[in-house]
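Colleague: Dropping a prediction and its sequence here:
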Amino acid sequence: MKNQLSADERLMQAREALAAVGDLPTEPISVRISTAVKLTGIGRSTLYELISAGEIETVKIGRSTLIKYGSLKRLIEGAKP
């Protein structure tokens, strides 16, 4: 027989899970190239040029290229109007 939780135990687990979510960052750590294009409005080719120039920090995981979110923020905040 499976170990079933009572309603009170399930409620306690749900409250603990919600409390843990409150500790998570509100910003992502990294985003994919396609998301960075949508977030910034910068074209895909220009984004790759900025990556090649070292102006945007990336992390390569397997075949995926992830852009550090903080790097995108710094780029946009440092841009001249």
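Modeller: That came through fine. Residues are numbered from 1 along each chain as shown.

Colleague: now do the same end-to-end measure for stretch 32-52.
Modeller: End-to-end distance for stretch 32-52: 16 Å, by Cα to Cα, to the nearest Å.

Colleague: swap that for stretch 57-72, sorry
Modeller: This stretch, stretch 57-72, spans 8 Å end to end (Cα to Cα).

Colleague: Mind naming the longest helix for this protein?
Modeller: Determined from DSSP state H, the single longest helix within the chain is helix 7-21.

Colleague: That helix: how far from the chain's middle?
Modeller: Averaging C-alpha positions (Cα atoms, centre = their mean, to the nearest Å) puts helix 7-21 25 Å from its chain's average.

Colleague: pLDDT on that helix, on average?
Modeller: Model confidence over helix 7-21, given as mean pLDDT, is 79.

Colleague: Tell me how far the closest residue in space to Gln13 that isn't next to it in sequence lies from Glu16.
Modeller: Counting by Cβ to Cβ, 6 or more residues apart in numbering, Gln13 lies nearest to Leu5, which is 7.2 Å off, once chain neighbours are set aside. C-beta: built from backbone N, CA, C; applies to glycine. The span separating Leu5 from Glu16 equals 13 Å under the rule Cβ to Cβ, to the nearest Å.

Colleague: what's next to the longest helix of the chain, contact-wise?
Modeller: Leu5 (Cβ atoms under 8 Å, 6 or more residues apart in numbering).

Colleague: Only the C-alpha atoms, please, for it, written as PDB.
Modeller: These are the backbone C-alpha positions of helix 7-21, laid out as PDB (Å, rounded to 0.1, in the frame of the first residue of the first chain):
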ATOM      1  CA  ALA A   7      -5.000  16.700   3.900                       C
ATOM      2  CA  ASP A   8      -3.100  18.600   6.600                       C
ATOM      3  CA  GLU A   9       0.200  17.100   5.500                       C
ATOM      4  CA  ARG A  10      -0.500  18.000   1.900                       C
ATOM      5  CA  LEU A  11      -1.400  21.500   2.900                       C
ATOM      6  CA  MET A  12       1.800  21.800   5.000                       C
ATOM      7  CA  GLN A  13       3.900  20.600   1.900                       C
ATOM      8  CA  ALA A  14       2.200  23.100  -0.300                       C
ATOM      9  CA  ARG A  15       2.900  26.000   2.100                       C
ATOM     10  CA  GLU A  16       6.600  24.900   2.300                       C
ATOM     11  CA  ALA A  17       6.800  24.800  -1.500                       C
ATOM     12  CA  LEU A  18       5.300  28.300  -1.800                       C
ATOM     13  CA  ALA A  19       7.700  29.600   0.900                       C
ATOM     14  CA  ALA A  20      10.600  28.200  -1.100                       C
ATOM     15  CA  VAL A  21       9.500  29.900  -4.300                       C
END
